[in-house]
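**Student:** sequence? don't have it. structure:
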């Protein structure tokens, strides 16, 4: 099955001509990207996972068309036309827009696309709606037989968005139907969808395509060879960096600085436990368990924590809950379970984590020859406004108490200040268990003056007010956030002065 990277390829005319449609194509591209679509526009927009596409030469754009689900032709009254009014220049003269349209039409002829996957956007004054079909038939007859509606510039870009959403919900003509299981119920419902793939990026693109409809029980299977792990460039690195996964300041048992492998992963700080007075890295545990016993059923990483879930309300908790590993017949088996997953942004981060961990395992256990990964996502969806960051402030993480208590006990102002400044930087105040842990420790050890203790009590009260204010106006929330940050800055100032 072909790999689709782009939701839409946008063709235009007149790159360096002020009377061309390139500027309009750019505006359309910006609008579509802001609405979550993946867009290729030559010289302007390509996938962040394929930066080399920026260097695509004009005579090789057919490669990007092959990787695009739909094709939008942006034209105005100056669109190049032959004497017979058809698209393009006179014979012997190269016409980029004609060549690109011909390429997409060839995909339709080959049964790889549908005519409905093609559409026009017209920004001009000549055509009246009553004459549009004649104009389109003359301009490019093979894709203008009444199946599509000319989108007029006066209608805005919403019509393009609606058209794309309708097309992306429909399987390609060439696409093998997804496997679907139906339990013996009185209604016919798709209760599970299965994706089979052999690359992270291909699996992601297919998941994104399916999740536009939203679905429960999305099962993704990935069968990889060692060469796929070692030869493939690190997928979704930009997404991980955007999520602040690769930050230098990370908590560990010795302080706040760590470059350990676990802290390259967003969930790393959730997977660190204390045992017999020592911190155990969950990833190291899995690797050692697999080395000791390939057939183990206990090579697990688990974030399942009822205490974390109960009473969490709308506060963020990990979507990722469980991973299990085993080696069978020189194949590394990996199964991961997610309670829910926003596919367009967040799933890239989780797949990047899987890639990093698998690479660590197969590097250390050399007898592994293949990798088989299964992702089970209970609720897969696409968010209109996915959050740009998954960052949880250091003081609010599950293991934070193990360095908060010693820092307060020893009056380690440097560590406390780093925690507070990280919290201020994050601007996340709907999670405030870090403030509560610091407040309890301050009362227990009384190492800082009473004024600072009272300020922490005030900030906790404000955070609780903020929780209730989420049902109110933005202005009410903003006022409380300002109060929280004023108190937090006051605390930081007093701790610095107290030394």
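**Tutor:** That came through, no problem. Every value quoted in this text rests on a predicted model; they were computed, and no experiment measured them.
**Student:** Buried residues, the longest helix along the chain. List them.
**Tutor:** If you go by DSSP state H, the chain has its longest helix at helix 474-498. Of the residues in helix 474-498, 477, 480-481, 483-485, 487-488, 491-492, 495 count as buried by neighbour count, 16 or more other Cβ atoms under 10 Å. From N, CA and C alone the C-beta is placed, and that goes for glycine too.
**Student:** Identify all contacting residues around that helix.
**Tutor:** 413, 416-417, 420-421, 423-424, 427, 429, 448-449, 451-452, 455-456, 458-459, 462-463, 465-466, 469-470 (Cβ atoms under 8 Å, 6 or more residues apart in numbering).
**Student:** Buried ones in the host helix or strand of residue 106, by neighbour count?
**Tutor:** Using DSSP states H and E, residue 106 sits in helix 96-109. The neighbour-count check on helix 96-109 (16+ other Cβ under 10 Å) flags 96-105, 107-108 as buried.
**Student:** For the most centrally placed residue in the chain, grab phi and psi.
**Tutor:** Residue closest to the average C-alpha location in the chain (Cα atoms, centre = their mean): residue 345, at 1.2 Å. The phi/psi pair for residue 345 (degrees, to the nearest 10) reads phi -110, psi -50.
**Student:** now swap in residue 325 and tell me
**Tutor:** Dihedral angles for residue 325 - degrees, to the nearest 10 - are phi -130, psi 150.
**Student:** OK, contacts around it?
**Tutor:** Going by Cβ under 8 Å, 6+ apart, the list of residues near residue 325 reads 286, 289-290, 299-300, 332-334, 361.
**Student:** Narrow the residues you listed to just the buried residues.
**Tutor:** Neighbour counting with 16+ other Cβ under 10 Å marks 286, 289-290, 299, 332-334, 361 as buried within the contacts of residue 325.
**Student:** May I see those arranged in JSON lines, with pLDDT as well?
**Tutor:** Shown next, in JSON lines, are those (pLDDT from 0 to 100):
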{"residue": "286", "pLDDT": "90"}
{"residue": "289", "pLDDT": "93"}
{"residue": "290", "pLDDT": "95"}
{"residue": "299", "pLDDT": "92"}
{"residue": "332", "pLDDT": "97"}
{"residue": "333", "pLDDT": "97"}
{"residue": "334", "pLDDT": "97"}
{"residue": "361", "pLDDT": "94"}
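**Student:** Looking at those, which is nearest residue 10?
**Tutor:** Among these, residue 334 lies closest to residue 10 (Cβ to Cβ), at 38.0 Å.
**Student:** ok, how many other residues are close to the closest residue to that closest one other than its chain neighbours?
**Tutor:** The shortest distance from residue 334 to any non-neighbouring residue, by Cβ to Cβ, 6 or more residues apart in numbering, is to residue 373 (4.5 Å). The local packing of residue 373 (other Cβ atoms under 10 Å) involves 22 other residues.
**Student:** now do residue 142
**Tutor:** Other residues within reach of residue 142, judged by other Cβ under 10 Å, total 15.
**Student:** Now do the SS call for it.
**Tutor:** What DSSP: H, G, I helix; E, B strand; the rest coil gives for residue 142 is helix.
**Student:** go on, residue 85?
**Tutor:** coil.
**Student:** Secondary structure element for the residue nearest to it when sequence neighbours are not counted, which one?
**Tutor:** For residue 85, ignoring the flanking residues on the chain, the nearest one in space by Cβ to Cβ, 6+ apart is residue 138 at 4.3 Å. Using DSSP H and E, residue 138 sits within helix 132-139.
**Student:** So residue 114 sits against residue 107, correct?
**Tutor:** No - the criterion here is Cβ atoms under 8 Å, and residue 114 misses it with residue 107 at 9.5 Å.
**Student:** Worst mean pLDDT across the helices and strands of this structure, which element?
**Tutor:** Here the helix or strand of the chain ranked lowest by mean pLDDT, DSSP states H and E is strand 255-257, holding a mean of 31.
**Student:** related to what we said a few turns ago, is the residue nearest to residue 334 located within a helix, as I assumed?
**Tutor:** No - when classified by three-state DSSP, residue 373 is found to be strand rather than part of a helix.
**Student:** so who does it touch?
**Tutor:** 220-222, 224, 334-336, 354, 358.
**Student:** hmm, back to that, which among the buried residues of helix 96-109 gets closest to residue 193?
**Tutor:** Comparing the buried residues of helix 96-109 against residue 193 with Cβ to Cβ picks out residue 107 as the nearest, at 24.8 Å.
**Student:** if you skip the residues just before and after it, what's nearest to that closest one?
**Tutor:** Closest residue to residue 107 apart from its sequence neighbours, by Cβ to Cβ, 6+ apart: residue 113 at 4.3 Å.
**Student:** State the pLDDT value of that neighbour.
**Tutor:** Looking at residue 113, its pLDDT is 86.
**Student:** what's the average pLDDT for the longest helix of the chain?
**Tutor:** Helix 474-498 comes out with an average pLDDT of 89.
**Student:** Just give the nearest non-adjacent residue to residue 97, would you?
**Tutor:** Per Cβ to Cβ, 6+ apart, closest to residue 97 is residue 13, 4.7 Å.
**Student:** Break down the stretch 101-250 of the chain into its strands, ranges please.
**Tutor:** Under the criterion DSSP state E, counting those that start in this stretch, strands of the stretch 101-250 of the chain are mapped to 118-122, 151-152, 179-180, 193-197, 215-225, 249-252.
**Student:** For the ones you listed, could you give me JSON lines that also reports mean neighbour count?
**Tutor:** Below are the strands of the stretch 101-250 of the chain laid out as JSON lines (neighbours: other Cβ atoms under 10 Å):
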{"stretch": "strand 118-122", "mean neighbour count": "23"}
{"stretch": "strand 151-152", "mean neighbour count": "19"}
{"stretch": "strand 179-180", "mean neighbour count": "12"}
{"stretch": "strand 193-197", "mean neighbour count": "18"}
{"stretch": "strand 215-225", "mean neighbour count": "18"}
{"stretch": "strand 249-252", "mean neighbour count": "20"}
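**Student:** hmm, back to that, the buried residues of helix 474-498: which two are farthest apart?
**Tutor:** 477 and 495 (26.9 Å).
**Student:** Quick check, residue 230 in contact with residue 355.
**Tutor:** No - between residue 230 and residue 355 there is no contact under Cβ under 8 Å: 11.1 Å.
**Student:** who has more neighbours, the two?
**Tutor:** A direct count of neighbours by other Cβ under 10 Å for residue 230 and residue 355 places residue 355 higher, at 22 against 10.
**Student:** Can you tell me the SS state at the more buried one?
**Tutor:** Here residue 355 takes the helix state, with states given by three-state DSSP.
**Student:** so it sits right up against residue 224, yeah?
**Tutor:** No - applying Cβ under 8 Å as the test, residue 355 and residue 224 come out as separate, 9.5 Å apart.
**Student:** And for residue 428, nearest residue in space, chain neighbours not counted?
**Tutor:** Distances taken as Cβ to Cβ, 6+ apart put residue 393 closest to residue 428, at 5.7 Å, once the chain neighbours are dropped.
**Student:** swap in residue 229?
**Tutor:** residue 359 (5.4 Å).
**Student:** part of a strand, is that neighbour?
**Tutor:** No - applying three-state DSSP, one finds residue 359 to be helix, outside a strand.
**Student:** Next one: it from residue 287, what distance?
**Tutor:** 12 Å (Cβ to Cβ, to the nearest Å).
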